[in-house]
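Peer 1: Build me a structure from this.
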Amino acid sequence: MSLPAHEPIVPEGSARPLAILGVTASGKSALALELARQRGDVELVSVDSMQVYRGMDVGTAKPTVAERSEVRHHVLDLVDPWESFDVHAFQGAVRCALTDIHGRGKRPVLVGGTGLYLRAVVDDLEIPGQFPEVAAELETEPDTVLLHTRLAALDPLGAARMEPTNRRRILRALEVSAGSGRPFSSFGAGMEVHQPSPVHLVGLWLPRPVVVLRIERRYVDQMAAGFLAEVQRLAAGPSISHTAAQALGYRELLAHLRGEITLDTALATAVTRTRQFARRQRVWFRRDPRISWIGAAEDPMVALPALLAEAHALWD
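Peer 2: Predicted coordinates:
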């Protein structure tokens, strides 16, 4: 199976994008919006795997209509919740957005915390395709070490990069190697390698207890803003995709609407799951030495002067 030629995400000769990243509920979106207001030449590109879905607004903390009219936002509301959307589609959407922003002489700021999607842009990853028939056949083999031996025959370098007991990674590498006819390792050096990037990375850091409080308060605010009604509308429509149904808060409220749990339990579970997600994000971002971190004790806006200085050094 031949694969399409890989096109760079960041257009040649364009302004170097700035990425503002951080854990969920850390205030990075509000900080990015204020940066855009202060500079006047910035447009924002969402790096959120759930904000691409139409109708999922309150629970994904999507920018409001007023905010989007004030500052141009990209990569929002691309598909309906029952449609499929993956990292390939995201890369294409970001590529179009950056070309558009560059063509109008504006500065692009990526903002979000979906780790894989961010890396797909930051490192211009060539993501291997899916080969479901190959994957289904491989799943029938229960011996993971034997699968690793098979991978070593097809892709010695790829096999050397993973433990013989890591079944998920081995299955994926075998699926790609057998399905595409290319070694899995030929698609890139792997997520453990952090190469020079055309994207300048700035991270917003808040203390963990502060993030926990912000997560809890955000759910209170979202419920007051109609989160439950939003999920009720989704539940009344076509069956939403597995990916969309796993979104933080949505899965729990959908379970409540099905009568499986109480509303209080749904919200408590959503808070716990979101706190766990924030911990995973911290671990993910901590591995990347290219990130310049800006700290704030409680209010993310304290970081604005430092962020403005980063933007000035990058573009002016």
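
Peer 1: Please make it C-alpha for all contacts and neighbour counts, starting now.
Peer 2: OK.

Peer 1: residues of stretch 44-57 that come out buried?
Peer 2: 44-53, 55-57 (16 or more other Cα atoms under 10 Å).

Peer 1: could you dump these to a markdown table with secondary structure, distance to Phe184 and pLDDT?
Peer 2: Formatted as a markdown table, the buried residues of stretch 44-57 follow (DSSP: H, G, I helix; E, B strand; the rest coil; distance: Cα to Cα, whole Å; pLDDT from 0 to 100):
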| residue | secondary structure | distance to Phe184 | pLDDT |
| --- | --- | --- | --- |
| Leu44 | strand | 33 | 98 |
| Val45 | strand | 30 | 98 |
| Ser46 | strand | 29 | 98 |
| Val47 | coil | 25 | 96 |
| Asp48 | coil | 26 | 96 |
| Ser49 | coil | 24 | 94 |
| Met50 | coil | 28 | 96 |
| Gln51 | coil | 30 | 97 |
| Val52 | coil | 28 | 97 |
| Tyr53 | strand | 30 | 98 |
| Gly55 | coil | 37 | 97 |
| Met56 | coil | 35 | 98 |
| Asp57 | coil | 37 | 98 |
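
Peer 1: Among those, give me the pair with the biggest separation.
Peer 2: Leu44 and Gly55 (19.8 Å; Cα to Cα).

Peer 1: Can you pull the phi/psi pair for Gln38?
Peer 2: As for Gln38, its main-chain torsions (degrees, to the nearest 10) stand at phi -70, psi -40.

Peer 1: Compute the number of surrounding residues for it.
Peer 2: 12 (other Cα atoms under 10 Å).

Peer 1: can you pull the contacts of it?
Peer 2: Contacts here follow Cα atoms under 8 Å, 6 or more residues apart in numbering; on that basis Gln38 touches nothing.

Peer 1: can you map out the strands along this structure?
Peer 2: 18-21, 42-46, 73-74, 107-112, 200-205, 292-295 (DSSP state E).

Peer 1: ok, and what's touching the fourth one?
Peer 2: Read that as strand 107-112. 15-22, 28-29, 32, 41-48, 98, 101-102, 118.

Peer 1: same deal with stretch 302-311?
Peer 2: 18, 31, 34-35, 202, 204, 294-296.

Peer 1: coming back round to it: report the buried members of the contacts of strand 107-112.
Peer 2: Buried among those (16+ other Cα under 10 Å): 15-22, 28-29, 32, 42-48, 98, 101-102, 118.

Peer 1: Just the pLDDT for the spatially closest residue to Ala297 that is not a sequence neighbour.
Peer 2: In space, Ala297 comes closest to Leu206 once its chain neighbours are excluded; the distance is 6.0 Å by Cα to Cα, 6 or more residues apart in numbering. Predicted confidence (pLDDT) for Leu206: 97.

Peer 1: Likewise for the one 3 residues further on?
Peer 2: Looking at Pro209, its pLDDT is 97.

Peer 1: do Met1 as well
Peer 2: On the pLDDT scale, Met1 gets 32.

Peer 1: With the one 4 residues further on instead?
Peer 2: The pLDDT attached to Ala5 in the predicted structure is 47.

Peer 1: Check Asp100 too.
Peer 2: 96.

Peer 1: cool, His256 as well?
Peer 2: pLDDT at His256 comes out at 98.

Peer 1: going forward, begin numbering at 719 instead of 1
Peer 2: Renumbered: residue one is now 719, and that last one reads His974.

Peer 1: Roughly how far does the residue nearest to Arg991 when sequence neighbours are not counted sit from Gly897?
Peer 2: Counting by Cα to Cα, 6+ apart, Arg991 lies nearest to Leu966, which is 7.3 Å off, once chain neighbours are set aside. Remark: distance between Leu966 and Gly897 (Cα to Cα, to the nearest Å) = 33 Å.

Peer 1: can you list the residues that contact stretch 940-959?
Peer 2: Outside stretch 940-959, the residues touching it (Cα under 8 Å, 6+ apart) are 773-777, 799-802, 968, 971-972, 975.

Peer 1: For those residues, which two are the farthest from each other?
Peer 2: Every pair of these checked by Cα to Cα; the farthest is Ser802 and Leu975, at 23.3 Å.

Peer 1: which helix in the protein runs the most residues?
Peer 2: helix 981-1004 (DSSP state H).

Peer 1: Sort out which residues of that helix are buried, please.
Peer 2: Buried residues in helix 981-1004 (16+ other Cα under 10 Å): 981, 984-989, 992-993, 996, 999-1000, 1003.

Peer 1: Other residues contacting it?
Peer 2: Taking Cα under 8 Å, 6+ apart as the rule, helix 981-1004 contacts 740-742, 831, 833, 930, 933-934, 937, 966-967, 970-971, 973-974, 1009.
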